[in-house]
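Trainee: Provide a 3D model corresponding to the input given below.
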Amino acid sequence: MDDQNKNLILATALSFLVILVWFLLFPPEEAPVDPDQPAATTQQNATGGDATVAPVPSAGGDDPATAPPSLTATPQETRGAALARSQRVEIDTPSLKGSISLKGGRIDDLSLKTYREELAKESPSVTLLSPVGGPDAYYALYGWAPGGDLSPEDVPGAATEWTQEGDGKLTTETPVTLVWDNGNGLTFRRTISVDEDFLFDIRQSVTNNTGRAQRMAPYGVVARHGMPDTIGFFILHEGVVRASDGQLEEIDYNDMPDLAFADREAGRISITPVEQSGWIGFTDKYWMTTLIGEPGQRFQSVAKYTDGADIYQTEMRQPTLEVAPGATAESASMLFAGAKEWETITRYEDEYGIDRFVDSIDWGWFFFFTKPMFWMLHTLHAMIGNMGWAIIGLTLIIKALLFPLAYKSYVSMAKMKELQPRMEEIKEKAGDDRQKLQQEMMQLYKTEKVNPASGCLPILMQIPIFFSLYKVIFVTIELRHAPWMGWIRDLSAPDPSSILNLFGLLPFSPPDPSSIVAILSLGVLPILLGISMWLQQKLNPAPTDPTQKMIFAWMPWVFMFMLGQFASGLVLYWIANNTITFTQQYLIMRSQGYKPNVIGNILSGLKRGKPEEK
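Mentor: Numbers count the residues shown, from 1 in each chain. Below you'll find the model as predicted:
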């Protein structure tokens, strides 16, 4: 068998194997959950002493800090009816539209103006947060947990009826302030401001007019009622994501019911102390809602699941504050609620010192490839203005970086072709003596300075690049609904054209992507992919062995069907890569004196004969 053909078969088989293992067998590593983890941890409070944060609210006593109240499920009604149940303060910014409920002061109505559910212009904006009582309740809630001799009724919580100081809506220019007087000498205020993107600034304060010192702990909560709709693809993390002093942890939604059990009211809980920098929240494929502490702020980062109510909850429990008579105490934090835009999140990380915030994007195992690859893609898109052409530009850059390796490989391939007659002579002389054949071949390779395995290297290098680009296209919102040209209006989705209706010429729609028949519904790009692989094969004559010949004949079309339902951006990269590889290999082999007979090899395949070579 031709050694170069052996290398290509080996590399292709390995590519198949790695792809199958990656997509079918190995999910990302998940952070282990310690079943013996205690339900409460200890941290220093604001007065310098140690304060144990209890896992359940306390009705009073000497406990210096307590947890936020456990939330309960409510009967479900329509979203409109749930919104109408309370008075509201409107939110209107360039990026966000929604309202704040005066009941509980919840941020529970939020839509993303610049993102739509579907490609159609009439498609509604993406809804991120929704109120309790309606479908898919998802909201941010702030309050104070009682300490000392205070009771839960003395501090604002989930059901507190706030009033707005002044009037007007929340915009980038006009913050809003909510106020509540408990009637017993404590006045609470909450001032909320927001920037032009997705970051809220939350400042809670309490003024003590009781005549004696009071102790209480501020908190923030992000809660989801019921298991949200998820992609369910194991290469993507969906659920809790938190950073605690440089350590990143991910907990999937379906793993939260397995957290350490505290008690019936507190449910299942995981607590991590934060000393300098941290954040916690829920992440979906493209969207995220996250509680963020200010740099240097200590708090407890809590992931929690309430079994009976089926509520998923993240909390930021801040240290207990002791408020002297006549004094005012204040607590500040931030809330991110919006799209995981790389540029926006990176800016927040730099400007506000939010450690590892960019890692809220799921870069995967090959983060050392995916991060620089996305940066380059993002930079090219900023220069070109079209993500499809940016992908082609990225392909050119990758091929340029790999060119020295490719050059050595293709030079070796050309030399192997030149050595083919001598190799055939060695085979004839050796006959059935495999050891002698091996020795003679190795001596020939050594004398001529040829490495028969070098042909595998360019293909093997493509494997991590392929996976990394797949990850980038799959998880980054910059590819969502990004057009290329013509019928390719979303590079994160499969090619919408179909050979089954002659690419739109016949008056019926192709099968739904969820249908098993969809694998036969090949679009233009997957077909071009198969053709590009087929042409690349024709740089060399077909192997004479019937088995090898069959494998080579089917290989392009198997890949065509395998990648047919992949994102258009990935298929576009593969086509561009094949085209550049073909050109490189053809020119380099000609420069070494071997002239690939592409037309002859094509005609030979059609005639089932052997082509003549120059």
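Trainee: From here on, just use CA atoms for contacts and neighbour counts.
Mentor: OK.
Trainee: Walk me through the domains of the chain.
Mentor: Following automatic domain parsing, one finds the domains of the chain at 34-348, 371-607.
Trainee: Please confirm that Ser409 is located within a helix.
Mentor: Yes - secondary structure of Ser409 (DSSP: H, G, I helix; E, B strand; the rest coil): part of a helix.
Trainee: Output the domains of the chain as JSON lines; include the columns mean pLDDT.
Mentor: Formatted as JSON lines, these follow (pLDDT from 0 to 100):
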{"stretch": "domain 34-348", "mean pLDDT": "87"}
{"stretch": "domain 371-607", "mean pLDDT": "82"}
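Trainee: CSV for the ones you listed, including distance to Asp362 and mean neighbour count?
Mentor: As requested, these are exported to CSV (distance: least, CA to CA, whole Å; neighbours: other CA atoms under 10 Å):
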stretch, distance to Asp362, mean neighbour count
domain 34-348, 7, 19
domain 371-607, 7, 17
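Trainee: Make JSON lines from these and add distance to Phe357 to it.
Mentor: Listed next are the domains of the chain as JSON lines, based on distance: least, CA to CA, whole Å:
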{"stretch": "domain 34-348", "distance to Phe357": "7"}
{"stretch": "domain 371-607", "distance to Phe357": "13"}
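Trainee: So which of those domains is nearest Ser360?
Mentor: For Ser360, the closest of the domains of the chain is domain 34-348, at 6.9 Å, according to CA to CA.
Trainee: Regarding the chain, what is its longest helix?
Mentor: In the chain, ranked by residue count with DSSP state H as the criterion, the top helix is helix 568-591.
Trainee: packing partners for that helix?
Mentor: Contact here means 3 or more CA pairs under 8 Å, 6 or more residues apart in numbering; DSSP states H and E; on that basis helix 568-591 packs against helix 387-401, helix 403-418, helix 457-475, helix 524-537.
Trainee: can you tell which of those helices is closest to Gly564?
Mentor: Closest among those, once you apply CA to CA, is helix 524-537, at 5.1 Å.
Trainee: Distance from the chain centre to the closest one, please.
Mentor: Relative to the centre of its chain, helix 524-537 is centred 29 Å away, using CA atoms, centre = their mean, to the nearest Å.
Trainee: What's the first helix or strand after it?
Mentor: Following helix 524-537 in sequence order, the next helix or strand is helix 546-562 (DSSP states H and E).
Trainee: Now the nearest residue to Glu341 once chain neighbours are set aside. Its backbone dihedrals?
Mentor: Leaving aside its sequence neighbours, Glu341 sits nearest to Ile477 (CA to CA, 6 or more residues apart in numbering; 6.3 Å). Taking degrees, to the nearest 10, you get phi -70, psi -20 for the backbone angles of Ile477.
Trainee: so Ile477 makes contact with Thr344?
Mentor: No - Ile477 is not in contact with Thr344 according to CA atoms under 8 Å; the separation is 11.6 Å.
Trainee: what sits against the residue nearest to Glu341?
Mentor: 286, 339-341 (CA atoms under 8 Å, 6 or more residues apart in numbering).
Trainee: returning to what we had before: out of the helices and strands packed on helix 568-591, which gets nearest to Ile575?
Mentor: With CA to CA as the measure, helix 524-537 is the member of these nearest Ile575 (5.1 Å).
Trainee: Tell me the helices and strands packed up against the closest one.
Mentor: Partner elements for helix 524-537 (3+ CA pairs under 8 Å, 6+ apart): helix 546-562, helix 568-591.
Trainee: Put together TSV for those, with distance to Val274 on each row.
Mentor: Conversion of those to TSV gives the following (distance: least, CA to CA, whole Å):
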stretch	distance to Val274
helix 546-562	45
helix 568-591	39
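Trainee: right, so of those, which gets closest to Lys449?
Mentor: Nearest of the helices and strands packed on helix 524-537 (CA to CA): helix 568-591, 16.5 Å.
Trainee: Name the surrounding residues that touch the closest one.
Mentor: The contact list for helix 568-591 (CA under 8 Å, 6+ apart) reads 388, 391-392, 395-396, 399, 407, 410-411, 413-414, 469-470, 473, 488, 490-495, 525-526, 528-529, 532-533, 535-536, 539, 563-564, 595-596.
Trainee: Repeat that for stretch 348-359.
Mentor: Under CA under 8 Å, 6+ apart, the answer for stretch 348-359 is 243, 245-246, 248, 277-279, 292, 294-295, 342, 345-346.
Trainee: Does Gly246 touch Ser277 like I think?
Mentor: Yes - the pair Gly246 and Ser277 qualifies as a contact (CA under 8 Å) at a distance of 7.5 Å.
Trainee: any idea how far Met442 is from the nearest residue to Lys285 once chain neighbours are set aside?
Mentor: In this structure, Lys285 finds its nearest non-sequential neighbour in Val475, 6.1 Å apart by CA to CA, 6+ apart. From Val475 across to Met442, the span is 47 Å (CA to CA, to the nearest Å).
Trainee: hey, C-alpha coordinates of whichever strand or helix holds Ala145 in CSV?
Mentor: Using DSSP H and E, Ala145 sits in strand 138-146. Taking Å, rounded to 0.1, in the frame of the first residue of the first chain, the C-alpha atoms of strand 138-146 are listed here in CSV:
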residue,chain,number,x,y,z
TYR,A,138,-37.1,34.4,36.8
TYR,A,139,-36.1,37.5,38.8
ALA,A,140,-33.6,39.4,41.0
LEU,A,141,-34.6,40.2,44.6
TYR,A,142,-32.9,42.2,47.3
GLY,A,143,-33.5,42.6,51.0
TRP,A,144,-32.2,42.5,54.5
ALA,A,145,-32.0,39.5,56.8
PRO,A,146,-32.7,40.2,60.5
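Trainee: could you point out which element follows it?
Mentor: Going down the chain from strand 138-146, the next helix or strand is strand 163-164, by DSSP H and E.
Trainee: Contacts for that following strand, please.
Mentor: Outside strand 163-164, the residues that touch it by CA under 8 Å, 6+ apart are 102, 176-180.
Trainee: of all those residues, which comes closest to Trp375?
Mentor: Val176 (36.9 Å).
Trainee: Quick check: phi and psi on that closest one?
Mentor: Residue torsions, per degrees, to the nearest 10, at Val176 are phi -120, psi 150.
Trainee: Does it touch Arg189 like I think?
Mentor: No - using CA under 8 Å, Val176 makes no contact with Arg189, being 10.3 Å away.
Trainee: one step back: out of the helices and strands packed on helix 524-537, flag the one nearest Ser70.
Mentor: Per CA to CA, nearest to Ser70 of the helices and strands packed on helix 524-537: helix 568-591, 44.7 Å.
Trainee: Show me what the strand holding Ala145 is in contact with.
Mentor: Identification of contacts with strand 138-146 by CA under 8 Å, 6+ apart yields 57-60, 65-69, 104-109, 128-132, 152, 154-158, 215-225.
Trainee: Go again with 6 Å.
Mentor: Contacts to strand 138-146, defined as CA atoms under 6 Å, 6 or more residues apart in numbering, come from residues 66, 68, 106-108, 129-130, 152, 155-157, 216-224.
Trainee: for stretch 189-204, same thing?
Mentor: Residues from elsewhere that reach stretch 189-204 (CA under 6 Å, 6+ apart): 94-95, 172, 175-179, 205, 330-338.
Trainee: Out of these, name the ones that lie in helices.
Mentor: Checking these against helices, none of them qualifies (DSSP H).
Trainee: Of those residues, which belong to strands?
Mentor: Residues of those located in strands (DSSP state E): 176-179, 205, 330-338.
Trainee: Closest to Ile384 out of these?
Mentor: Gly338 (26.1 Å).
Trainee: So what sits opposite the closest one in the bridge?
Mentor: For Gly338, the beta-bridge partners under DSSP bridges are Met288.
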